[in-house]
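Undergrad: model the following, please.
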Amino acid sequence: MKKLSIFQVGVIGFFSVMGVIGVLVFAGVGGLGRDTVQVGQVTVWGTYSKTAMLDYFSALAGDNTELLDSVEYVEKNPRTYEQDLIEALAAQRGPDVFFLNQALAHKHRDKLLPASYDFLSERDYKDTFIEEGELFLTDAGVLAFPISIDPMVLYWNRSIFSGSGVARAPRYWDEVQVLASERLTTRDAASNIFQSTIALGEYQNIAHAKEILALLMMQAGSSIVATDTSGRHTSDLDRNDFANTEAPAVTALRFYTDFSNPSKTVYTWNRALPEARAAFIGGKLAMYLGFASEIQSIRAQNPNLNFDVALAPQARDASVVSYGRMTGLAIPKGSSNPDGALQLIALMVAEEGSILFSELTGLPSPRRDILSRSTDDPFDTVFYNAAIAARNFRDPDPVETEALFRGMIESVTSGRFRISEAISEGSALLNSLLER
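TA: Reported below is the predicted structural model:
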């Protein structure tokens, strides 16, 4: 086996004694140089099962059983994880490493100890991780290192499709429109929707409404949050680069809400219908936009459901864009052992560590070299392709933006705002959040 390339990484912060710490292994295969790694006492926080994580650390250490003996993993409640972390860091009793949802990185950036570009170049980072990983990059350095990616995919009911004479899942959104208006939506004698094509257009019974609308906006050409030349983050929702055309976000919101508008030919969903995933599991929804992490629970809830997965539909004549929920490993400023913390992260995001973690979660690795390999699993093939194309936006506060997206959707479906007005209002609110 060829040896791994190793890049030294330093940390810039209030604790200058950190200097050059640990190694980050970003390429190649083979041994990890475990004999020279000194991790020491490191506490890790996350919401993953403690049993699974202990097994992971054992496999990661390999034959060097003493390597990670002093690593402690603390399993936290997902519902209180963020608040527990905030309180612990404020009281100087937080972890040395913690799992960080990308959506929370901007909100808590002041609590993180970034790895300097003096020791890990931006070029090496981009060559190693998928494009969505760049959301962890700041002027000060790397806020976190990607360890997992949960991409959005299209789940589709093969029985409904074949029963309607449709051979395959749609590749493009205009094909979805045709399926909704002509092929897959069915109604009862009272003209009520009996079988829906796809869950789009509403908020309250579509669990991933924010994520789906964000995907449509990014596919239309909006970055949702933009960064100007001074490094300031601003809303991109109402940006329009061309005269006499509407902003990409306006196009996306119009497309989305049309599916719940009874006056449109694509009308196929309303708020009186069951929750989207429940409808799909119950065989009453032909297509469901969900995440790769949902596949096992969908199978468990209906073992007889005849379904498959595909990439989320795309805009024609445009680059492939999917949506991903990325998780990284971060070091808080108050870490008692930042040297060992970074060396532990080095092992976890290296090729072998990343593969082991992917096996633990059942989700794709965010490393380009791993995603470029073929897999025999037909579902993983789709998940890998979706992960490569995954995008997201710099979310100032996921709870607040959830309400913001809901407001944009429901202000249109209720008739309170025109679509352009809803986007303008949403953009103003987003700028307020970004200025905090």
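Undergrad: quick check: mean pLDDT of stretch 87-104?
TA: The pLDDT scores in stretch 87-104 average 95.
Undergrad: other residues contacting it?
TA: Outside stretch 87-104, the residues that touch it by Cβ atoms under 8 Å, 6 or more residues apart in numbering are 42-48, 74, 82, 85, 108, 111-112, 132, 135-136, 143-144, 147, 325-338, 340-341, 344-345, 392, 395, 398. Every residue, glycine included, has its C-beta placed from N, CA and C.
Undergrad: hmm, 6 Å instead?
TA: 42-46, 111, 135, 144, 326-332, 334-335, 337, 341, 395, 398 (Cβ atoms under 6 Å, 6 or more residues apart in numbering).
Undergrad: of these, select the buried ones using a ChimeraX command.
TA: ChimeraX command restricting the contacts of stretch 87-104 to the buried ones, with burial defined by 16 or more other Cβ atoms under 10 Å:
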select :42,43,44,45,46,111,135,144,326,327,328,329,330,331,332,334,335,337,341,395
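Undergrad: tell me how far residue 172 lies from residue 195.
TA: 22 Å (Cβ to Cβ, to the nearest Å).
Undergrad: quick one, which of the two is more surrounded?
TA: Shown here are residue 172 and residue 195; by other Cβ atoms under 10 Å, residue 195 has more neighbours (19 against 14).
Undergrad: so what's that one closest to, chain neighbours aside?
TA: residue 186 (4.2 Å; Cβ to Cβ, 6 or more residues apart in numbering).
Undergrad: need the contact list for residue 321.
TA: Neighbours of residue 321 in contact, by Cβ under 6 Å, 6+ apart: 218, 219, 389, 391.
Undergrad: hmm, I was thinking of residue 216
TA: 252, 256.
Undergrad: and for residue 240?
TA: Going by Cβ under 6 Å, 6+ apart, the list of residues near residue 240 reads residue 247.
Undergrad: now it. Its backbone dihedrals?
TA: phi -140, psi 110 (degrees, to the nearest 10).
Undergrad: hang on, residue 341 packs against residue 333?
TA: No. Under the criterion of Cβ atoms under 6 Å, residue 341 makes no contact with residue 333, lying 11.5 Å away.
Undergrad: can you get me a residue count around residue 231?
TA: Neighbours around residue 231, by other Cβ under 10 Å: 8.
Undergrad: pretty sure it sits in a strand.
TA: No. Residue 231: not assigned to a strand; according to DSSP: H, G, I helix; E, B strand; the rest coil it is coil.
Undergrad: what's the spacing between the residue nearest to it when sequence neighbours are not counted and residue 79?
TA: Nearest non-adjacent residue to residue 231, counting by Cβ to Cβ, 6+ apart: residue 139, 5.8 Å away. Going from residue 139 to residue 79 by Cβ to Cβ gives 33 Å.
Undergrad: could I have stretch 330-341 exported to PDB, CA atoms only?
TA: C-alpha atoms of stretch 330-341 as PDB (Å, rounded to 0.1, in the frame of the first residue of the first chain):
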ATOM      1  CA  ALA A 330     -15.200  21.100  15.500                       C
ATOM      2  CA  ILE A 331     -13.000  22.200  18.300                       C
ATOM      3  CA  PRO A 332     -14.300  24.800  20.800                       C
ATOM      4  CA  LYS A 333     -12.200  27.600  21.900                       C
ATOM      5  CA  GLY A 334     -12.300  26.300  25.500                       C
ATOM      6  CA  SER A 335     -10.900  22.900  24.700                       C
ATOM      7  CA  SER A 336      -8.400  21.600  27.300                       C
ATOM      8  CA  ASN A 337      -6.500  19.500  24.800                       C
ATOM      9  CA  PRO A 338      -6.700  21.200  21.300                       C
ATOM     10  CA  ASP A 339      -3.500  19.300  20.200                       C
ATOM     11  CA  GLY A 340      -5.000  15.900  20.900                       C
ATOM     12  CA  ALA A 341      -8.400  17.000  19.600                       C
END
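Undergrad: got the phi/psi numbers for the most centrally placed residue in the chain?
TA: Residue closest to the average C-alpha location in the chain (Cα atoms, centre = their mean): residue 325, at 1.2 Å. Main-chain torsions, residue 325, degrees, to the nearest 10: phi -100, psi 110.
Undergrad: and for residue 290, the neighbour number?
TA: Around residue 290 there are 24 residues (other Cβ under 10 Å).
Undergrad: and it, its phi and psi?
TA: Dihedral angles for residue 290 - degrees, to the nearest 10 - are phi -140, psi -170.
Undergrad: so what's it up against?
TA: residue 155.
Undergrad: recalculate using a threshold of 10 Å.
TA: Taking Cβ atoms under 10 Å, 6 or more residues apart in numbering, we find residue 290 in contact with 152-155, 199, 207-208, 211-212, 276-277, 280, 297-298, 309, 312.
Undergrad: which one is residue 54 nearest to, not counting chain neighbours?
TA: residue 73 (6.4 Å).
Undergrad: helix, strand or coil: sort out that neighbour for me.
TA: Per three-state DSSP, residue 73 ends up strand.
Undergrad: before we move on, what about residue 146?
TA: strand.
Undergrad: repeat for the one 5 residues further on
TA: Three-state secondary structure (criterion: three-state DSSP) places residue 151 in strand.
Undergrad: ok, what's across the strand from it?
TA: residue 324 (DSSP bridges).
Undergrad: who touches it in this structure?
TA: With Cβ under 10 Å, 6+ apart, residue 151 has these contacts: 130, 132, 291-293, 311-312, 322-326, 363-364, 382-391.
Undergrad: what does residue 293 give?
TA: Contacts were defined as Cβ under 10 Å, 6+ apart; by that measure residue 293 touches 148, 150, 151, 325, 361, 362, 363, 383.
Undergrad: wait, residue 203 sits on residue 275?
TA: No. With contacts counted by Cβ atoms under 10 Å, residue 203 stays clear of residue 275, the gap being 11.6 Å.
Undergrad: run a quick neighbour tally on residue 162.
TA: 11.
Undergrad: distance of it from residue 168?
TA: Relative to residue 168, and taking Cβ to Cβ, residue 162 is found at 10 Å.
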